[in-house]
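Chemist: what's the 3D shape of this:
(chains A, B and C)
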Amino acid sequence: MNTLKDQAAENLIAVRRNVPLIHNITNFVVMNVTANALLAIGASPMMAHAPEEAAALADLAGALVLNIGTLTREWVPTMILAGQAAATRGKPVVFDPVGAGTTRFRTDTARKILKEAAVKIVRGNASEVHALSDVESDSFPGGKGVDAVHSMEAVLPGAMRLADRTGVTLAVTGPIDVVTDGFRQVRVANGHPLMQRVTGTGCTASALIAAFAAVDSDAFTAAATALAVFGLAGEMAAAGANGPGSFMVNLMDVLYAMTPEAVRIGVRIEEA
Amino acid sequence: MNTLKDQAAENLIAVRRNVPLIHNITNFVVMNVTANALLAIGASPMMAHAPEEAAALADLAGALVLNIGTLTREWVPTMILAGQAAATRGKPVVFDPVGAGTTRFRTDTARKILKEAAVKIVRGNASEVHALSDVESDSFPGGKGVDAVHSMEAVLPGAMRLADRTGVTLAVTGPIDVVTDGFRQVRVANGHPLMQRVTGTGCTASALIAAFAAVDSDAFTAAATALAVFGLAGEMAAAGANGPGSFMVNLMDVLYAMTPEAVRIGVRIEEA
Amino acid sequence: MNTLKDQAAENLIAVRRNVPLIHNITNFVVMNVTANALLAIGASPMMAHAPEEAAALADLAGALVLNIGTLTREWVPTMILAGQAAATRGKPVVFDPVGAGTTRFRTDTARKILKEAAVKIVRGNASEVHALSDVESDSFPGGKGVDAVHSMEAVLPGAMRLADRTGVTLAVTGPIDVVTDGFRQVRVANGHPLMQRVTGTGCTASALIAAFAAVDSDAFTAAATALAVFGLAGEMAAAGANGPGSFMVNLMDVLYAMTPEAVRIGVRIEEA
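Modeler: Numbering: from 1, shown residues only, chains lettered A, B, ... in the order given. Okay, the predicted model is just below:
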């Protein structure tokens, strides 16, 4: 799909030209890595979770990331406040429902944020998206914490219905990523298994989607192209890595050095 | 001691086969590094400190880590709740009393957690363990923050009595680590001085002990073998390092690439 | 300026000899990096934000760092308490007003901390220092979050007046850093553009200033020499870097390996 390859390259160029401020209300584990990845791709990160400045940051930011990785009850009102403040100003809100489906607390909170925080894009693994879309069954599979226990194929029909009903773009990541807005659907084949062996790659993907959505008004193409560019960076980083430690170092170097040409050649986005 | 060499290799294999979920209520400084070390060794990390999901995570997890590195009063009830929930389900609780002995607040809190959180294994340096075991003298040596100011030899008798009285396994780390359950005692000679020049290696040791304790029902052998494997990884990581930055990168690569054969050859656990 | 070159080398030697404990009340994004940088240079970091131990840590520490990067209202009283406790004991307080000037919440809080926390040194970029010094205009330029939007030249007169009025040493960082105590003023030419492409280098500079201030009773020379040594480390780290990932790894290695001789040859501090 030539169009999305070109769009991926254009989005990378636009991020570097506009240097959008990305406001992150995110988890403690990945704050540093996410900020560094945003800097490496060319955006400007701000990690801030005080309710007093949510509206002021919505004025300045190009996009907002909400991430519940180290969720506590106290942060939820600020997430909703920040989401609404961003949406009122036309800034896209990317939601990462880390661990939804693992505990009732996470699932309930994730559903609440999805309903009340003016979310435009959700990025999660198959189990997390399933927990948001399968509101009837209300099953809690538990499983391996924040890792997916559902197959992509099993959760896609529910995800399509959720996207169709809510207008939210869903970016479901796994060995092959699927992005859908309920009408369109693509598969992103970029990526590398080492991305699963370091913490925070899913969260970083969400942050990069926000950076692309800050410069691309189509949430669907922003999400698909960001995942492709990040997956491509993962492939390139793995090439010279001896394990997860050197992989993470390379990943930041590769995001920084990524060129539009490499993107046009390397991204693999296929119509589903 | 051939038995413990074999046990170390078996524990490594079992972690990779079972991929135990390790629930961490830990400090902000090391959340990222600890999660990456657990992923590198083959376990599945979850960093979560909300009381609402402590019981649900105890159902899913293979072990729990409690770490007071960036202690505030508000986190203590959740630590105790999570510890009791884990113990009720037969899941081992590893406690890292960071900075105990440095301030009265830390010492008192550490003693409270030790008493109320159903702790099975304590991993600390000599000063931290001394602060837990020397309840009579109630001395506060202060010293260099979270670094040890006591010698291993000075604190071992008290540690033995504490282990004997409480049934807790104590893993006292330093240039030579000592592990005791009050009956058995071993010394672990693996390790490298560079491990003291990066933050979070003690905390990472505690997390790896939890991963081993999730697959080895004997807390004493789990603690000793985890320290030996981690110390061995430190030795291997230091071999190609130019300083603490490249050491940390290598450490993750080495944990990921560690083989049972390398463990059998390299671990140095001696009867005390 | 031969004197400050020698002072830089002497301060490095003194940090390594005395291993001062540096108490940090800092933001979640940089806790790990800051702790590692302090360890690499030879100091002993402690990250702790509980009010219960602020006074006890002031007894033990050589200096205190206050940093509002991930500011919430709840942390402010502890910062003020810790600042006063440190000052009472003659320990220097270094304040990093991250994002002051970006939102009213940050600007107001930064001014409150500057007024009430017995601050001895402020380290910030031009916009942050402007927000502290330009109390009359009360302008909120917004801009790119925590990055500077003001030029160094525009803010220096106000900074000089602020330093003169309050007795605080101001370390204003940018492509060229300026340090002033209202009477003296120097420019530090060390540094590398890659330092702007990783998160937390400003915060790390503040922490290293605290380490130097713990061994050098002249806040002005402590700040200038710490910035020069850190900037020099940035230059050396960039030499072998492929991007921001390997740059950060090198930076820790270089700080660890830095010699007084390299400092004497490499630092570039000029009278303004």
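Chemist: Run through the residues of chain A sitting next to chain B.
Modeler: A:27-30, A:32-33, A:69-73, A:99, A:102-106, A:142-147, A:197-200, A:241-246, A:248-249 (CB under 8 Å from any CB of the partner chain). Using the backbone N, CA and C atoms, a C-beta is placed for each residue, glycine as well.
Chemist: mind checking the backbone torsions on the closest residue to residue A:49 other than its chain neighbours?
Modeler: In this structure, residue A:49 finds its nearest non-sequential neighbour in residue A:25, 4.8 Å apart by CB to CB, 6 or more residues apart in numbering or on different chains. When quoted as degrees, to the nearest 10, the phi and psi of residue A:25 stand at phi -110, psi 100.
Chemist: Next, the buried residues of stretch A:6-14.
Modeler: Residues of stretch A:6-14 classed as buried by neighbour count (16 or more other CB atoms under 10 Å in any protein chain shown): A:7-12, A:14.
Chemist: what's in contact with it?
Modeler: Here stretch A:6-14 makes contact (CB atoms under 8 Å, 6 or more residues apart in numbering or on different chains) with A:41-42, A:212, A:215-216, A:221-222, A:225-226, A:228-229, A:258, A:260-261, A:263-264, A:267, A:269.
Chemist: what's the farthest-apart pair in the buried residues of stretch A:6-14?
Modeler: Spatially, the most separated pair among the buried residues of stretch A:6-14 is A:8 and A:14, at 10.8 Å (CB to CB).
Chemist: tell me the contacts of residue A:150?
Modeler: Taking CB under 8 Å, 6+ apart as the test, what residue A:150 contacts is A:101, A:126-127, A:130, A:141.
Chemist: pLDDT-wise, what's the bottom of those?
Modeler: Across the contacts of residue A:150, the smallest pLDDT goes to residue A:141, namely 51.
Chemist: center of chain A, which residue is that?
Modeler: Nearest to the geometric centre of chain A sits residue A:206, at 1.9 Å (CA atoms, centre = their mean).
Chemist: In terms of helices and strands, where is it?
Modeler: Here residue A:206 sits within helix A:201-213, counting by DSSP states H and E.
Chemist: CA atoms only: put that helix into PDB for me.
Modeler: C-alpha atoms of helix A:201-213 as PDB (Å, rounded to 0.1, in the frame of the first residue of the first chain):
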ATOM      1  CA  THR A 201       7.800  -1.000  24.100                       C
ATOM      2  CA  GLY A 202       4.000  -1.000  24.000                       C
ATOM      3  CA  CYS A 203       3.900   2.200  26.000                       C
ATOM      4  CA  THR A 204       6.500   3.700  23.600                       C
ATOM      5  CA  ALA A 205       4.400   2.700  20.600                       C
ATOM      6  CA  SER A 206       1.500   4.600  22.200                       C
ATOM      7  CA  ALA A 207       3.600   7.700  22.700                       C
ATOM      8  CA  LEU A 208       4.900   7.600  19.100                       C
ATOM      9  CA  ILE A 209       1.300   7.200  17.900                       C
ATOM     10  CA  ALA A 210       0.500  10.400  19.800                       C
ATOM     11  CA  ALA A 211       3.400  12.200  18.100                       C
ATOM     12  CA  PHE A 212       2.200  11.100  14.700                       C
ATOM     13  CA  ALA A 213      -1.400  12.000  15.500                       C
END
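Chemist: For stretch A:235-250, measure first residue to last.
Modeler: From the first residue to the last, stretch A:235-250 extends over 10 Å; the measure is CA to CA, to the nearest Å.
Chemist: thinking again about what came up before, mind giving me the ChimeraX select for the contacts of residue A:150, buried ones only?
Modeler: Only the buried entries of those go into this ChimeraX selection, using 16+ other CB under 10 Å:
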select /A:101,126,127,130
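Chemist: Which two among the contacts of residue A:150 are spaced furthest apart?
Modeler: Checking the contacts of residue A:150 with CB to CB, the most distant pair is A:126 and A:141, at 10.8 Å.
Chemist: Could you pull out the strands in the stretch 151-272 of chain A for me?
Modeler: Listed in chain order, the strands of the stretch 151-272 of chain A (DSSP state E, counting those that start in this stretch) span A:169-173, A:177-180, A:185-188, A:269-271.
Chemist: Note down every partner strand of the last one and its orientation.
Modeler: Sheet neighbours of strand A:269-271, with direction, are listed as strand A:185-188 (antiparallel) (DSSP bridges).
Chemist: so how far is the partner strand from its chain's centroid?
Modeler: Taking CA atoms, centre = their mean, to the nearest Å, one finds strand A:185-188 lying 15 Å from the centre of the chain it belongs to.
Chemist: in that strand, what's buried?
Modeler: Buried residues in strand A:185-188, counting neighbours by 16+ other CB under 10 Å, are found at A:185-188.
Chemist: one step back: what's the burial count for the residue nearest to residue A:49?
Modeler: 22 (other CB atoms under 10 Å in any protein chain shown).
Chemist: Chain C versus that one, what's the distance?
Modeler: 10 Å (CB to the nearest CB, to the nearest Å).
Chemist: beta partners for that residue?
Modeler: residue A:66.
Chemist: Quick check: it touching residue A:46?
Modeler: No: Residue A:25 is beyond contact range of residue A:46, at 10.0 Å (criterion: CB atoms under 8 Å).
Chemist: beta partners of the spatially closest residue to residue A:177 that is not a sequence neighbour?
Modeler: Once flanking residues are discounted, residue A:177 sits nearest to residue A:188: 4.0 Å by CB to CB, 6+ apart. Note on residue A:188: beta-bridge partners by DSSP bridges are residue A:177, residue A:269.
Chemist: which residues does residue A:188 contact?
Modeler: A:176-179, A:224, A:227-228, A:231, A:267-270.
Chemist: Give me the local confidence score for it.
Modeler: So residue A:188 comes in at 98 (pLDDT).
Chemist: per-residue confidence for residue A:145?
Modeler: Confidence score, pLDDT, at residue A:145: 60.
Chemist: same check, this time on residue A:149
Modeler: Residue A:149 is assigned a predicted lDDT (pLDDT) of 74.
Chemist: wait, is it part of a strand?
Modeler: No: secondary structure of residue A:149 (DSSP: H, G, I helix; E, B strand; the rest coil): coil, not part of a strand.
Chemist: picking up where we left off before, so how far is the helix holding residue A:206 from its chain's centroid?
Modeler: In this view, helix A:201-213 has its centroid 4 Å away from the chain centroid, taken as CA atoms, centre = their mean.
Chemist: what mean pLDDT does it have?
Modeler: Mean predicted lDDT for helix A:201-213 stands at 98.
Chemist: Report whether that helix contacts chain C.
Modeler: No: using CB under 8 Å from any CB, helix A:201-213 stays clear of chain C, coming no nearer than 12.1 Å.
Chemist: Only the buried residues of the longest helix anywhere in chain A, if you could.
Modeler: Across chain A, the longest stretch assigned as helix under DSSP state H is helix A:219-239. Neighbour-count burial for helix A:219-239 flags A:219-238 (criterion: 16+ other CB under 10 Å).
Chemist: do stretch A:72-87 as well
Modeler: Across stretch A:72-87, burial judged by 16+ other CB under 10 Å covers A:72, A:75-76, A:78-87.
Chemist: Can that stretch be said to contact chain C?
Modeler: No: using CB under 8 Å from any CB, we find that stretch A:72-87 stays clear of chain C, coming within 9.2 Å at best.
Chemist: For that stretch, which outside residues touch it?
Modeler: Stretch A:72-87 is touched from outside by A:23, A:25, A:49-51, A:54-55, A:57-58, A:61, A:63-64, A:66, A:68, A:92-93, A:95, A:109, A:112-113, A:116-120, B:49-50, B:52, with contacts defined as CB under 8 Å, 6+ apart.
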